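> please find the sequence and the predicted model below.
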Amino acid sequence: MPPVPSPTVRTRFAPSPTGFMHLGSARTALFNWLAARHAGGEMLLRIEDTDAERSQPEVIDMILGTLEWLGIDWDGEVVYQSQRAADHGAAVDSLFADGKAYWCACSRDDVDLRHKERGGKPGYDGFCRDRGLAAGADRVVRFRSPADGDTVIDDVIRGEVRFANADIEDFVIRRSNGSAMFITANAVDDIFMGITHIVRGEDLLPATPKIVLLRESLHAVDRPTFAHLPLIVNEKRQKLSKRRDDVALESYRDRGFLPEAMVNYLATLGWGPPDGVEVRPIAEIIGLFELSSVTKSSAFFDVKKLESFNGDHIRNLSAADFVSRTLPFVRTALLPVGADPASFDPAAFEAMAPLVQERVKRLDEAPDFVDFLYHDPAMDPDAWAKTMEKDADLARRMLDAAIDLLGALAVWEPVAINDAVIGFADANEISRKKAQGPIRVAITGRAVGPPLWEAMAVLGREVSLDRLGLARASVG
RNA sequence: GCCCCCAUCGUCUAGCGGCCUAGGACACCACCCUCUCAAGGUGGCGGCACGGGUUCGAAUCCCGUUGGGGGUGCCA
């Protein structure tokens, strides 16, 4: 196939479909995208689906959907590695023609056994290197790696990294079933796609000299710029893993993290803006981002800090945007299971939304701020004990006063409610904080929540007075 | 074992030989504001892993030690 002409910067994101978007993959995608967009270049998308069973369409759709959710777009058509087998095969043939490849009949067990016997360097020992074997059913093709010299990688982030060729074993480039190995497909496709900047995780650094050797042997004219990103690690400073860590992007989305916050926070893992302003729109990050200023050391994924970013981005939302994004969370949490979503009346939530918006760190926290507007309060035992039993006298006084004063109010509005309750508290030298406690618990069932007077205004006088009366009766 | 990478507050980072008695952010603590909780404001706690060099001068350069991590598949 003819080579594709390249812009100054063309990056690619090359995930293998695994069923969800891994946090580390998302960060890699983001940095590839930032590098491309900053330079006015392109970012291509390649699905590395050489494992046949992994290429189910729904699995791939999930990755594309999550990228879209994050706001990471790509240029051109998606390249599917599974459809590029012919090119991969041709590349192996060309290596054969140049004497850079040979057939090998050794099984994994053979290789391991011989290593055990001889000790020393691990890996393949070149047993079939000069045997002149022909193609065979259970034979693989190996790359003939140079016996001496160094392969040097010039990495924008790490500088010069040197590998002795003698340490690079004759690796497999074609499986016995005829398909290309990851390393082969990867190198061939990057050449084909005209990738100028290979941006990926540091875990792939040890495989890079093989890529370079392969490219050289395939007569690739342009040398790509490599950038190996620091790993994102857990609290034990290990690479994030599917098994033990919470790495699925989709699960963060489902917990009410905003894509704006997600990409913003991810961008600070391994990179920092020169002016030190961390929370900011992605457009500004594109302008400031530099691959060369990416950090070298691994970064801990701190959910606490992510939540802080998320809270900031939530507060930056317009009121209407906050409502529309939060409504699904409120609806599913407050509606009985199986109920028709359309049967949910968003009015009460919408009325309280601005007050909720400045209080949540995640969208999924919103239901707890308005649930009492939709059904009788679920009484929190600790809150009840603290406000109603610990000082029952005060509870009785405040509840009686509230029922009395609020029942006589001319207008049912937050200011009027406030003046009545606070006026009573001040006149009787009761601290305002203590005064509202029993009323809040009676109305909401909790000791903390959104501003009470507004909540009562939304609830309505009748229901509010009912709840106060019910609580008063329970206090005795 | 072998190869490779990394090393500034608990965490993410700024720093790229003198501006550093090391700056910011998250977290934590205190106070202010306040109908609770948040938000906001003010202040506080807290770090250059260690040892050698180089230099008039080192968080910044070099070497070593220690520590951490990654890789070592007919996975990607």
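Good, I have the coordinates. Numbers count the residues shown, from 1 in each chain, chains lettered A, B, ... in the order given.
> and the strands in chain A, which stretches?
A:10-13, A:42-47, A:79-80, A:101-104, A:140-143, A:150-155, A:159-164, A:172-174, A:197-201, A:225-229, A:232-233, A:299-300 (DSSP state E).
> okay, these in JSON lines with mean neighbour count next?
Quick note: C-beta positions are derived from backbone N, CA and C, even for glycine. Supplementary listing: these in JSON lines, determined by neighbours: other CB atoms under 10 Å:
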{"stretch": "strand A:10-13", "mean neighbour count": "26"}
{"stretch": "strand A:42-47", "mean neighbour count": "23"}
{"stretch": "strand A:79-80", "mean neighbour count": "17"}
{"stretch": "strand A:101-104", "mean neighbour count": "21"}
{"stretch": "strand A:140-143", "mean neighbour count": "23"}
{"stretch": "strand A:150-155", "mean neighbour count": "15"}
{"stretch": "strand A:159-164", "mean neighbour count": "12"}
{"stretch": "strand A:172-174", "mean neighbour count": "23"}
{"stretch": "strand A:197-201", "mean neighbour count": "22"}
{"stretch": "strand A:225-229", "mean neighbour count": "22"}
{"stretch": "strand A:232-233", "mean neighbour count": "21"}
{"stretch": "strand A:299-300", "mean neighbour count": "16"}
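> residue A:39: how many residues sit nearby?
19 (other CB atoms under 10 Å).
> ok, it touching residue A:8?
Yes. Counting by CB atoms under 8 Å, residue A:8 is a contact partner of residue A:39 at 6.1 Å.
> could you list the residues of the stretch 1-150 of chain A in contact with RNA strand B?
A:16, A:48, A:50-51, A:107-108, A:111, A:121-124, A:138-140 (CB under 7 Å from any atom of the strand).
> flag the least confident of the residues you listed.
Lowest pLDDT among these: residue A:51, with 69.
> OK, contacts around residue A:343?
residue A:335 (CB atoms under 8 Å, 6 or more residues apart in numbering).
> distance of the nearest residue to residue A:346 once chain neighbours are set aside from residue A:358?
Once flanking residues are discounted, residue A:346 sits nearest to residue A:327: 5.9 Å by CB to CB, 6 or more residues apart in numbering. As defined by CB to CB, to the nearest Å, residue A:327 lies at a distance of 17 Å from residue A:358.
> which one of these two has more residues nearby?
Taking other CB under 10 Å, residue A:327 and residue A:358 do not tie; residue A:327 has more neighbours (18 against 11).
> and the pLDDT at the more buried one?
pLDDT, residue A:327: 98.
> now do the one 4 residues further on
Note on residue A:331: pLDDT of 96.
> please apply the same query to residue A:4.
49.
> could you report the distance from the closest residue to residue A:425 other than its chain neighbours to RNA strand B?
Excluding the flanking residues, the one nearest residue A:425 by CB to CB, 6+ apart is residue A:435, at 3.6 Å. Distance, residue A:435 to RNA strand B, using CB to the nearest atom of the strand, to the nearest Å: 7 Å.
> residues contacting residue A:435?
Counted by CB under 8 Å, 6+ apart, residue A:435 has contacts A:398, A:421-422, A:424-425.
> show me which pair in those is furthest apart.
Within the contacts of residue A:435, A:398 and A:422 form the most distant pair, 11.4 Å apart (CB to CB).
> higher neighbour count, those two?
The neighbour comparison of residue A:398 against residue A:422 (other CB under 10 Å) goes to residue A:398, with 26 against 15.
> where does the stretch 351-476 of chain A come near RNA strand B, residue by residue?
For the stretch 351-476 of chain A, the contact set with RNA strand B under CB under 7 Å from any atom of the strand comprises A:358-359, A:414, A:418, A:422, A:432-433, A:436-437, A:440, A:447-454.
> any idea how far residue A:230 is from the closest residue to residue A:41 other than its chain neighbours?
Once flanking residues are discounted, residue A:41 sits nearest to residue A:9: 3.1 Å by CB to CB, 6+ apart. As judged by CB to CB, residue A:9 and residue A:230 stand 21 Å apart.
> how about residue A:346?
44 Å.
> these two: who's more crowded?
Neighbour count, other CB under 10 Å: between residue A:346 and residue A:230, residue A:230 has more, with 19 against 15.
> and the gap between the more buried one and RNA strand B?
According to CB to the nearest atom of the strand, residue A:230 stands 6 Å off from RNA strand B.
> one more: residue A:364?
Going from residue A:364 to RNA strand B by CB to the nearest atom of the strand gives 15 Å.
> all helices for the stretch 51-200 of chain A, in order.
Applying DSSP state H, counting those that start in this stretch to the stretch 51-200 of chain A gives helices spanning A:57-70, A:85-97, A:108-118, A:182-192.
> got a list of what the closest residue to residue A:379 other than its chain neighbours touches?
With sequence-adjacent residues excluded and distances taken as CB to CB, 6+ apart, residue A:379 is closest to residue A:445, at 4.6 Å. Contacts were defined as CB under 8 Å, 6+ apart; by that measure residue A:445 touches A:372, A:377-380, A:383.
> sort out which of those residues are buried, if you could.
Neighbour counting by 16 or more other CB atoms under 10 Å classes A:372, A:377, A:379-380, A:383 among those as buried.
> of the residues you listed, which is the nearest to RNA strand B?
For those, the closest approach to RNA strand B (CB to the nearest atom of the strand) belongs to residue A:383, at 9.3 Å.
> in space, what's closest to that closest one - neighbours in sequence excluded?
Closest residue to residue A:383 apart from its sequence neighbours, by CB to CB, 6+ apart: residue A:447 at 3.9 Å.
> just give the number of residues close to the one you found.
Neighbours of residue A:447 (other CB under 10 Å): 14.
> where does it land on pLDDT?
96.
> for it, grab phi and psi.
Here is the backbone geometry of residue A:447 (degrees, to the nearest 10): phi -90, psi -20.
> any idea how far it lies from residue A:464?
18 Å.
> same thing with residue A:423?
Per CB to CB, residue A:423 is found 18 Å from residue A:464.
> more crowded one of the two?
Each of residue A:423 and residue A:464 has its neighbours counted (other CB under 10 Å); residue A:464 has more, 24 against 12.
> name the nearest residue to the residue most central in space within chain A, ignoring sequence neighbours.
Centroid-nearest residue in chain A: residue A:249, 3.8 Å away (criterion: CA atoms, centre = their mean). Distances taken as CB to CB, 6+ apart place residue A:21 nearest to residue A:249, at 3.9 Å, with adjacent residues excluded.
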